[in-house]
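Enquirer: just need the structure, nothing else, for what follows:
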Amino acid sequence: MKHLLALLLAASVTLPAAAQEWQGKSAAFFGVTFLDTSNEGSLNGVRADETARLAMIKAYIAEALRAQGLTLLDLAPVQEELDRTVNPAKCNGCDLRMAKRLGADYTVVSEVQKVSNLILSMNLYIKDTATGKQLRGQAVDIRGNTDDSWTRGMRYILTRNVFK
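Expert: Residues are numbered from 1 along each chain as shown. Sure, this is the predicted structure:
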């Protein structure tokens, strides 16, 4: 897993050149929320491999954002509120409020929803903190619950939408 993570982080640096809009800007990246709506999750609980994939994809996104010129801000000043938030991607604008308190130019939220062990949905959205307007974002469905499928899905979002 560690070797795969190092390889993925190195690969993220080869993303297409970012538009000038990202250079020198800051972002509040609120991580990746895992939503397990499968029967498996309710019956068997949290799986270690999915927890590891969640950490892997969070690191992959963070490195890709940095590689495109964004500075990721420390979330410590809003950590208490973030800890009370179930899902920053769907919290009636709490991500924008927290990002404004941090002084971030952008807010970045992401989710992975497990429908079944075969079908998962991933999304990532970037909003302008000042206006609340979504600048980039996409959702993709992936097949398979593996390190490779998670990485492919997020790489697709980053290269085909966020950093196009």
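Enquirer: let me see the contact set for the residue nearest to the spatial centre of the chain.
Expert: Nearest residue to the geometric centre of the chain (CA atoms, centre = their mean): S110, 3.7 Å. S110 sits next to G31, V32, T33, I57, K58, I61, A89, M122, N123, L124, Y125, M154 when contact means CB atoms under 8 Å, 6 or more residues apart in numbering. Backbone N, C-alpha and C define where each C-beta goes, glycine included.
Enquirer: checking the last one next. Helix, strand or coil?
Expert: Meaning M154. State at M154, reduced to three classes by DSSP: H, G, I helix; E, B strand; the rest coil: helix.
Enquirer: what of V109?
Expert: From three-state DSSP, the assignment for V109 is strand.
Enquirer: look up the closest residue to K100, ignoring the ones flanking it.
Expert: T129 (5.6 Å; CB to CB, 6 or more residues apart in numbering).
Enquirer: same list, the contacts of S110, but as a markdown table with neighbour count please.
Expert: Listed next are the contacts of S110 as a markdown table, based on neighbours: other CB atoms under 10 Å:
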| residue | neighbour count |
| --- | --- |
| G31 | 19 |
| V32 | 27 |
| T33 | 19 |
| I57 | 25 |
| K58 | 17 |
| I61 | 22 |
| A89 | 22 |
| M122 | 22 |
| N123 | 19 |
| L124 | 27 |
| Y125 | 20 |
| M154 | 27 |
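Enquirer: could I get the residues you listed as CSV with pLDDT?
Expert: Listed next are the contacts of S110 as CSV, based on pLDDT from 0 to 100:
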residue, pLDDT
G31, 96
V32, 97
T33, 96
I57, 97
K58, 98
I61, 97
A89, 93
M122, 97
N123, 97
L124, 98
Y125, 97
M154, 97
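Enquirer: from these, pick the one nearest L73.
Expert: G31 (12.8 Å; CB to CB).
Enquirer: one step back: count of residues packed around the residue nearest to K100?
Expert: T129 has 23 neighbours, counted by other CB atoms under 10 Å.
Enquirer: quick one: residues contacting it.
Expert: With CB under 8 Å, 6+ apart, T129 has these contacts: A28, L96, A99, K100, A104, D105, Y106, T107.
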